[in-house]
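> Please find the sequence and the predicted model below.
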Amino acid sequence: MSEEQAKKFIEKLRSDVELKERLSKFIKDEGFSCTLGEIRKVEWDLMMTHYIAGLPASEHWER
C-alpha cells in the first residue's frame, strides 16, 4: 500500500463510523480485547523506541 493510500485509509477510518465498528469487531472476533486507540498507542510507542535508539522511523515499519 502506498503512503498516499495509507493516509486515505486513516482518514476514512477517522470519519467512517461503520468502518471503525467493523474493524473493532474484526479485532474482537480474532480473539483480541484491545481497542483501536490502544493499537495506535502501542504502534506510537514502538516507533518512538526506534526514534530514541537512533533508527530511522521506516525501519520500525519493516519489523
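Perfect, I can see it now.
> what about residue 34, helix or strand, and which?
Using DSSP states H and E, residue 34 maps to neither a helix nor a strand.
> Just list the residues touching it, thanks.
Applying C-beta atoms under 8 Å, 6 or more residues apart in numbering, we find residue 34 in contact with residue 27. No exception for glycine: its C-beta is placed from N, CA and C like everyone else's.
> quick one: it from residue 23, how far?
Separation of residue 34 from residue 23 (C-beta to C-beta, to the nearest Å) stands at 12 Å.
> burial count for residue 37?
As a burial measure, residue 37 scores 8 neighbours (other C-beta atoms under 10 Å).
> correction: residue 13
With neighbours defined by other C-beta under 10 Å, the count for residue 13 comes to 13.
> From the contact counts, what lies against the host helix or strand of it?
Assigned by DSSP H and E, residue 13 belongs to helix 3-15. Using 3 or more C-beta pairs under 8 Å, 6 or more residues apart in numbering; DSSP states H and E as the contact criterion, the elements in contact with helix 3-15 are helix 17-29.
> Follow the chain on from the helix it packs on and name the next helix or strand.
Immediately after helix 17-29, counting by DSSP H and E, sits helix 36-52.
> tell me the mean pLDDT for that next one?
Helix 36-52 shows a mean pLDDT of 85.
> for stretch 9-27, same thing?
pLDDT averaged over stretch 9-27 gives 92.
> Can you get me the start-to-end distance on it?
Across stretch 9-27, the terminal residues are separated by 17 Å (C-alpha to C-alpha, to the nearest Å).
> Any idea how far that stretch is from the middle of the chain?
On the basis of C-alpha atoms, centre = their mean, to the nearest Å, stretch 9-27 sits 11 Å off its chain's mean C-alpha point.
> which outside residues touch it?
The contact list for stretch 9-27, computed with C-beta under 8 Å, 6+ apart, reads 1, 34, 35, 36, 39.
> Can you list the buried residues in that stretch?
Buried residues in stretch 9-27, counted by 16 or more other C-beta atoms under 10 Å: residue 27.
> what do you get for stretch 2-9?
Within stretch 2-9, no residue is scored as buried using 16+ other C-beta under 10 Å.
> Use 51 as the first number from now on
I'll keep to 51 as the first residue from here, and by that count the last item is stretch 52-59.
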